[in-house]
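*Asks:* Structure for this input, please:
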Amino acid sequence: MRLRNNPNANNELLEVEKYIETAEQLQEILSTKENKKRKIYLEIGMGKGDFISKMASLDTENIYIGVEISKAVLAIATKKIQRFEIENNMSLNNLYLMSFDAITSSEIFKANQIEKLYLNFSDPWPKKKHTKRRLTYQTFLEEYKKILKKDGIIEFKTDNRGLFEFSLVSMQNFGMTFLEVYLDLHKTDIPNIRTEYEEKFSPNGPIYKLVAKM
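*Replies:* Below you'll find the model as predicted:
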């Protein structure tokens, strides 16, 4: 997601209660007696937050964490989430937001801490020289395996067929087990929470989805 740089984004985020700046702050929150009993769901590349806010609103018993590497995008997401709370007359106290590179996930989370990981419409990095930047490349899968619980689940959605095919091969080579694979998600009747990107671009072609187990 490309936006103009916002030099004030970091300061804006520091004023947002949901924003967690460091791994230490996050682990302090997750270690409370109440939160230790909750499952933790993680979205990497949350964009403007539509998906993660809807998920958190539907499952208030558990914790949802949205990650976006761009602080400028994350600052926009916080405003959208605030509007979502106002419009739905609710406070998403189970939702937290962070900004870090996915390749450092194991530096943020403890081993086997995450119940499920969502990757929605990740940057496809179509050029061959950028293959290693794709969020389903082996080095990223290694990071996810460290933080996911045993038999942890990854749900992946994209409108980019090339990235989808790459991800199928990458995950298979990594030894993952596919539980569900959809070549045109919107033609099925399975439950699906749409992202903002999905709403905008799904008319242009099929949405691909896979659910795989580590």
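*Asks:* Provide a list of residues in contact with Leu148.
*Replies:* Residues near Leu148 by Cβ atoms under 8 Å, 6 or more residues apart in numbering: 112, 114-117, 154, 214. All C-beta atoms are positioned from the backbone trio N, CA, C, and that covers glycine.
*Asks:* Counting neighbours, which of these comes out on top?
*Replies:* Using other Cβ atoms under 10 Å as the contact criterion, the top neighbour count among these goes to Ile154, which has 25 neighbours.
*Asks:* Point to the residue nearest the middle of this structure.
*Replies:* In the chain, the residue lying closest to the centroid (Cα atoms, centre = their mean) is Glu43, at 1.6 Å.
*Asks:* Can you point out the buried residues in the helix ranked longest in the chain?
*Replies:* Across the chain, the longest stretch assigned as helix under DSSP state H is helix 71-87. Neighbour counts over helix 71-87 (16 or more other Cβ atoms under 10 Å) mark 71-78, 81, 84-85 as buried.
*Asks:* Let me know the closest of those residues to Gly49.
*Replies:* Nearest to Gly49, judged by Cβ to Cβ, of the buried residues of helix 71-87 is Ala77 at 3.7 Å.
*Asks:* Please enumerate the helices of this structure.
*Replies:* Chain-ordered helices for the chain, with DSSP H as the definition, fall at 9-14, 23-30, 33-36, 50-58, 71-87, 105-108, 138-147, 161-173, 196-201.
*Asks:* For Tyr96, list the residues it contacts.
*Replies:* The contact partners of Tyr96, taken as Cβ under 8 Å, 6+ apart, are 18-20, 26, 29, 63-66.
*Asks:* if we can go back for a sec, from the helices of the chain, which stretch is densest packed?
*Replies:* helix 50-58 (a mean of 21; mean count of other Cβ atoms under 10 Å).
*Asks:* and it, average pLDDT?
*Replies:* This predicted structure assigns helix 50-58 an average pLDDT of 97.
*Asks:* elements contacting it?
*Replies:* Contact partners of helix 50-58 among helices and strands, from 3 or more Cβ pairs under 8 Å, 6 or more residues apart in numbering; DSSP states H and E: strand 40-44, strand 63-67, helix 71-87, strand 95-98, strand 114-120.
*Asks:* what's in contact with that helix?
*Replies:* If you take Cβ under 8 Å, 6+ apart as the criterion, helix 50-58 is touched by 41, 43, 46, 64-66, 80-81, 84, 88, 90, 92, 94-95, 118, 120, 193-196, 199.
*Asks:* Would you check that Leu168 makes contact with Tyr208?
*Replies:* No - using Cβ atoms under 8 Å, Leu168 and Tyr208 do not qualify as a contacting pair, with a distance of 9.2 Å.
*Asks:* Give me the buried entries from the contacts of helix 50-58.
*Replies:* Burial by neighbour count, 16+ other Cβ under 10 Å: within the contacts of helix 50-58 this picks out 41, 43, 46, 64-66, 81, 84, 92, 94-95, 118, 120, 193-196.
*Asks:* Many thanks, we can stop here.
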